[in-house]
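*Asks:* sharing a model that was predicted from the sequence below.
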Amino acid sequence: MTQSRFDGRRNALSAPPVQGSRALVTLHFRTMAPTSDPTAQPTPSPRPSGSPRERLQDARLYLCTDARRDRRGGLDLLDLVRAALRGGVDIVQLRDRSLDVVEELELLAALRDLTDEHGALLAVNDRADVALAAGAAVLHTGQRDLPVPVARDLVGEKALLGRSTGGGAQAAAADADPDVDYFCVGPVRSTPTKPGRAAVGLDAVRQVAAGQPTTPWFAIGGVDLQNVRQVVEAGARRVVVVRAVTEAPDPEAAARGLRTALTRALADDAGRTSAGAGQA
């Protein structure tokens, strides 16, 4: 993706809310600006600011979570996401196919308030109609979901469109598609959140990185505090996490630890690259 692709769809669309039967749901994109509190504990790195596309470029830590309806004890969905955002998460996706549309829209309305408050991006999984109704900045689709051109026609030019890939040809196709704003590569490791999907391993991450894609991309699948440095060393600059935060006793601390480890690994990798270039 070249810079010109961002220029054409740079600013978020703002339109009056559409009146409907549920007051929580609006059909417009709001400008999401980060808030600041001088007394708050700082996150390991600054919160991305600017338009949704600018924030996507700067985003490093992406959280996927289900609705947490079957959790016995622990935090509910909103408390979990609030904690993760305080810990430094840049993008939040609600991914729960057990929800009906009304339930999903109600949860997304509450999540959007949280992501707006923290200057983060809200992503909807699979459903273009739900993304529009919720006013989410991001629609994420898989290889067996809506074709990219159809998804783009439905959500319009202002929304961000993400795509799941297993690396290789799928990643190359996503990188070459002007309608794809970011893509994911994985699962890096086998994970119960993607049953039946074989892990592509770090080799797939290395292969994608070697192709020097111009579209932002994330490594996904089994990424946690123990292996995030390996994922960065394989070439990823952004990661998606699930259980590393959702199953942590302290989701805020888990997100902050991941953000810190990711930032340090990126800095170390950049230092090695600079040193190697200097010796060449």
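*Replies:* Nice, I can see it.
*Asks:* quick one, helices of this structure?
*Replies:* 3-7, 52-58, 77-87, 101-118, 128-134, 148-155, 168-176, 201-210, 228-233, 243-246, 251-279 (DSSP state H).
*Asks:* any stretches of the chain with poor pLDDT?
*Replies:* Applying pLDDT under 70 to the chain flags the ranges 1-49, 72-74, 274-280.
*Asks:* now with 50, please.
*Replies:* Applying pLDDT under 50 to the chain picks out residues 1-45.
*Asks:* list the buried residues of stretch 243-260.
*Replies:* Within stretch 243-260, the residues that qualify as buried are 243-246, 248, 251-252, 254-260, counting by 16 or more other Cβ atoms under 10 Å. Backbone N, C-alpha and C define where each C-beta goes, glycine included.
*Asks:* my bad, should have said stretch 183-201
*Replies:* For stretch 183-201, by 16+ other Cβ under 10 Å, it's 183-189, 191, 193-194, 199-201.
*Asks:* which among these gets closest to C64?
*Replies:* Using Cβ to Cβ, T193 comes nearest to C64 of the buried residues of stretch 183-201, at 7.5 Å.
*Asks:* wait, isn't the closest one in contact with R243?
*Replies:* Yes: counting by Cβ atoms under 8 Å, T193 touches R243, with 6.9 Å between them.
*Asks:* circling back to that earlier point, just the ones of the buried residues of stretch 183-201 in strands?
*Replies:* Of the buried residues of stretch 183-201, the ones assigned to strands by DSSP state E are 183-185.
*Asks:* could you dump the residues you listed to CSV with distance to V228?
*Replies:* Output for those, formatted as CSV (distance: Cβ to Cβ, whole Å):
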residue, distance to V228
F183, 19
C184, 15
V185, 15
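*Asks:* excluding sequence neighbours, find me the nearest residue to R256.
*Replies:* G87 (4.0 Å; Cβ to Cβ, 6 or more residues apart in numbering).
*Asks:* check the gap between that neighbour and Q93 for me.
*Replies:* The spacing between G87 and Q93, counted by Cβ to Cβ, to the nearest Å, is 16 Å.
*Asks:* looking at these two, which one has more neighbours?
*Replies:* G87 (25 against 21; other Cβ atoms under 10 Å).
*Asks:* so which of the ones in strands among the buried residues of stretch 183-201 is the closest to R71?
*Replies:* Nearest to R71 among these, with distances taken as Cβ to Cβ, is C184, at 25.0 Å.
*Asks:* show me what the closest one is bridged to.
*Replies:* C184 has these beta-bridge partners by DSSP bridges: S164, F218.
*Asks:* picking up where we left off before, could you dump the buried residues of stretch 243-260 to TSV with distance to L61?
*Replies:* As requested, the buried residues of stretch 243-260 are arranged in TSV below (distance: Cβ to Cβ, whole Å):
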residue	distance to L61
R243	14
A244	10
V245	9
T246	13
A248	14
P251	12
E252	13
A254	11
A255	7
R256	10
G257	11
L258	6
R259	5
T260	10
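*Asks:* picking that back up, so the residue nearest to R256 makes contact with E252?
*Replies:* Yes: assessed by Cβ under 8 Å, G87 is found in contact with E252 at 4.3 Å.
*Asks:* thinking again about what came up before, list the residues that contact the residue nearest to R256.
*Replies:* Residues counted as contacts of G87 (Cβ atoms under 8 Å, 6 or more residues apart in numbering) are 43, 245, 251-259.
*Asks:* what do you get if the cut-off is 10 Å, keeping everything else the same?
*Replies:* Shown in contact with G87 (Cβ atoms under 10 Å, 6 or more residues apart in numbering): 41, 43-44, 61, 63, 245, 248, 250-260.
*Asks:* cool, G257 as well?
*Replies:* By Cβ under 10 Å, 6+ apart, the residues touching G257 are 44, 87-88, 224-225, 228, 244-245, 248, 250.
*Asks:* okay then, goodbye and thanks.
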